[in-house]
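Undergrad: Next comes the sequence, and after it the predicted model I'd like to discuss.
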Amino acid sequence: MSLLPNINTYQFRNEESLRVTIAYEMSKSSQYLQPYLLGEPYYNKPPFFNWLIALYSNFIPWSELTARAVSITFLMLSLLTIFIFSYHLFKNLSLSLLSVLSFLTFGNVLFFYGYLAEIDMTFTFFTFSTMLSLHMWLRQDKLLWGVCASFLAGIGALLKGFPAYAFYALTFLSLVIYQRRWNILTSRKVLLVHSISLILPALWLVNTYDPLLYLKILFYESFSRVGSGSFSRTKHMLTFPFINLKDMLPNSLLFFVSLYTLLRQRKLEFPQDIRLLSLVFFVNYLPYLFSNSAGRYVMPLYPLLAVIFSFYMHKSMENAGFRKLLYTTLLFTVILRFAYGFIYFEYYNHRESSRKLIAEKIIKSIDLSSAIECQCRQELSVCLYVSLAKGEPLKQKLPNALYSISCENGKNGEVLMRFDVDRSYQIKLLRLRPNG
């Protein structure tokens with residue numbers, strides 16, 4: 001419930017406007033296979049998340065809520081999956097509920113990516129579901145679980161491209177290492193199951209405007225951070241774990257307190273299931289540790305950590321002091337999230353530099369039936385709000401444009417409005433001269 005206050009009015013943040021702009025162009029043009037951004041082909045991400053936003057627009061009119069409802073849906077599904085998996089492992093209801101609460105109250109989930117219209121939460125659900133299916137496949141030797149895992153990995157590839165296959169392959173490798181079943185690495189039946197993950201992405205890719213260019217850019221997007229300098233990589237390796245721990249507060253702190261509590265009581269143990277989850281986490285974590293990746297890129301591993309953290313926190317709850325600390329901390333976190341939605345969201349929307357407020361001023365000052373172009377890709381939120389008010393997507397270039405939303409210096413046209421939002425540029429509303 002703490003995610004809901006003002007979620008339908010809080011202005012688009014980070015890459016939300018990018019995802020929604022592409023989905024809006026898809027919906028209006030009915031061109032779903034090749035994404036477009038401001039009328040130009042877009043190759044940096046596959047389109048599945050945009051498809052979901054466009055689908056939700058049939059039930060929720062275009063707004064901030066349209067896109068965020070997608071993330072909220074997959075947050076709920078992730079919580080359900082974590083509960084089922086935790087209960088499957090430990091057969092303990094309160095431990096399973098604590099696993100869910102632990103994941104939900106990770107700072108990066110509760111305050112940011114659990115509700116923002118970003119790909120990360122949806123990708124987390126499909127990646128974690130892939131991991132669980134692989135786990136069940138190798139544990140029960142039922143081929144249907146393998147087919148399910150491969151199919152889910154294919155959907156993950158339609159969300160983020162190559163990282164989906166990395167999580168799939170590394171998780172499979174982790175399980176093989178743990179069970180020492182080296183023979184299945186070269187099994188023809190297993191290789192055939194793996195190939196299922198390629199079917200959906202391949203069917204989509206061959207129907208895009210330029211499949212080879214799309215594939216090349218997706219590859220670059222996935223691996224461009226790997227080749228950083230030695231100093232940069234060393235710095236990242238030293239700081240990245242601390243960034244992750246910060247992103248998972250307060251539960252990362254509670255986890256270490258629980259380990260200390262159990263160690264003092266000589267009750268610290270490392271059971272088989274926890275060893276397996278730790279191995280899967282560690283193997284999947286290494287590529288992000290050695291490359292200059294953002295902290296949120298390891299979000300698909302959060303469910304594993306939530307289960308591991310909650311196992312030790314639940315065991316430490318036998319200690320009255322830790323139990324009080326746990327309840328107090330998590331209750332405070334949820335109350336803080338309510339305040340964040342009720343107070344901070346309202347403040348952010350009404351700042352002078354608010355993109356939503358800037359868009360509203362532009363909308364009131366122009367004839368929306370006129371041709372309007374967007375020459376300010378770094379401020380897509382402003383262009384998106386104008387697009388939604390106009391009822392059709394703005395394009396980057398229009399031969400008959402009367403108005404231009406621009407961040408460029410030296411653009412021809414009469415400056416009607418000017419907004420200071422950054423030291424390096426301004427958002428300007430221009431009335432274009434006859435020569436454009």
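TA: Yep, that arrived. Predicted model only: the values in this text are computed from it and were never measured.

Undergrad: Would you map the helices across the stretch 151-300 of the chain?
TA: Here the stretch 151-300 of the chain has its helices, by DSSP state H, counting those that start in this stretch, at 162-179, 188-195, 199-205, 211-223, 230-247, 251-264, 272-289.

Undergrad: Contacts for the third one, please.
TA: This means helix 199-205. Residues outside helix 199-205 that contact it (CB atoms under 8 Å, 6 or more residues apart in numbering) are Leu33, Pro46, Pro47, Phe151, Gly154, Ile155, Ala157, Leu158, Pro211, Tyr214, Leu215. C-beta coordinates here come from the backbone N, C-alpha and C atoms, glycine included.

Undergrad: Just the buried subset of these, please.
TA: The neighbour-count test (16 or more other CB atoms under 10 Å) marks Pro46, Pro47, Phe151, Gly154, Ile155, Ala157, Leu158, Tyr214, Leu215 as buried among those.

Undergrad: Select, from the residues you listed, the two members most distant in space.
TA: Within the buried ones among the contacts of helix 199-205, Phe151 and Tyr214 form the most distant pair, 21.5 Å apart (CB to CB).

Undergrad: Could you measure from Pro61 over to Ile22?
TA: The gap separating Pro61 from Ile22 is 18 Å, by CB to CB, to the nearest Å.

Undergrad: the more surrounded of these two?
TA: Ile22 (24 against 9; other CB atoms under 10 Å).

Undergrad: What's the per-residue pLDDT of that one here?
TA: Looking at Ile22, its pLDDT stands at 97.

Undergrad: buried sites along stretch 7-23?
TA: Buried residues in stretch 7-23 (16+ other CB under 10 Å): Ile7, Tyr10, Gln11, Phe12, Glu16, Ser17, Leu18, Arg19, Val20, Thr21, Ile22, Ala23.

Undergrad: same question but for stretch 354-363, I mixed them up
TA: Buried-residue list, stretch 354-363, by 16+ other CB under 10 Å: Ser354, Arg355, Lys356, Leu357, Ile358, Ala359, Ile362.

Undergrad: now, of the helices of the stretch 151-300 of the chain, which is deepest in the fold?
TA: Each of these was scored by mean neighbour count; the highest is helix 162-179, a mean of 20, by mean count of other CB atoms under 10 Å.

Undergrad: how about the helices of the stretch 151-300 of the chain, which one is nearest Ala320?
TA: Judged by CB to CB, the one of the helices of the stretch 151-300 of the chain that comes nearest to Ala320 is helix 251-264, at 10.9 Å.

Undergrad: Any chance of the contacts of helix 199-205 in CSV with distance to Ser86 and pLDDT as columns?
TA: Shown next, in CSV, are these (distance: CB to CB, whole Å; pLDDT from 0 to 100):
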residue, distance to Ser86, pLDDT
Leu33, 38, 95
Pro46, 30, 96
Pro47, 33, 97
Phe151, 24, 97
Gly154, 26, 97
Ile155, 23, 98
Ala157, 27, 97
Leu158, 28, 97
Pro211, 41, 95
Tyr214, 38, 95
Leu215, 38, 94
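
Undergrad: now, which of those residues sits nearest Val382?
TA: Distance to Val382 across these (CB to CB) is lowest for Pro47, with 23.5 Å.

Undergrad: Make sure that closest one is actually in contact with Leu33.
TA: Yes - Pro47 lies in contact with Leu33 (CB atoms under 8 Å); the separation is 7.2 Å.

Undergrad: Point out where the protein drops to low pLDDT.
TA: 225-229, 410-411, 434-436 (pLDDT under 70).

Undergrad: Name the residues that touch stretch 176-192?
TA: By CB under 8 Å, 6+ apart, stretch 176-192 touches Leu138, Leu143, Gly146, Arg275, Leu276, Leu279, Val283.

Undergrad: And the furthest pair within those residues?
TA: Leu143 and Arg275, at 26.2 Å, using CB to CB across the contacts of stretch 176-192.

Undergrad: Tally up the residues packed near Ser99, please.
TA: A count of neighbours around Ser99, defined by other CB under 10 Å, yields 29.

Undergrad: Quickly find the element holding it.
TA: helix 93-104 (DSSP states H and E).

Undergrad: what angle do that helix and helix 251-264 make?
TA: If you take axes from the mean of the first three to the mean of the last three CA atoms, to 10 degrees, helix 93-104 sits at 140 degrees to helix 251-264.

Undergrad: And the contacts of helix 93-104?
TA: By CB under 8 Å, 6+ apart, helix 93-104 touches 75, 78-79, 82-84, 86-87, 90, 109-110, 114, 251, 302-303, 306-307, 309-311, 313-314, 330.

Undergrad: Now the terminal residues of stretch 340-360, how far apart.
TA: One end of stretch 340-360 sits 24 Å from the other (CA to CA, to the nearest Å).

Undergrad: Same question for stretch 402-413: list its buried residues.
TA: Neighbour counts over stretch 402-413 (16+ other CB under 10 Å) mark Leu402, Tyr403, Ser404, Ile405, Ser406, Cys407, Gly413 as buried.

Undergrad: can you tell me which residues contact Asn284?
TA: So Asn284 contacts Ala166, Phe167, Leu170, Thr171, Ser174, Pro300, Leu301 (CB under 8 Å, 6+ apart).

Undergrad: Kindly indicate which of these lies nearest Arg418.
TA: Using CB to CB, Pro300 comes nearest to Arg418 of the contacts of Asn284, at 42.5 Å.

Undergrad: Hmm, Thr122 and that closest one touching each other?
TA: No - using CB under 8 Å, Pro300 makes no contact with Thr122, being 10.4 Å away.
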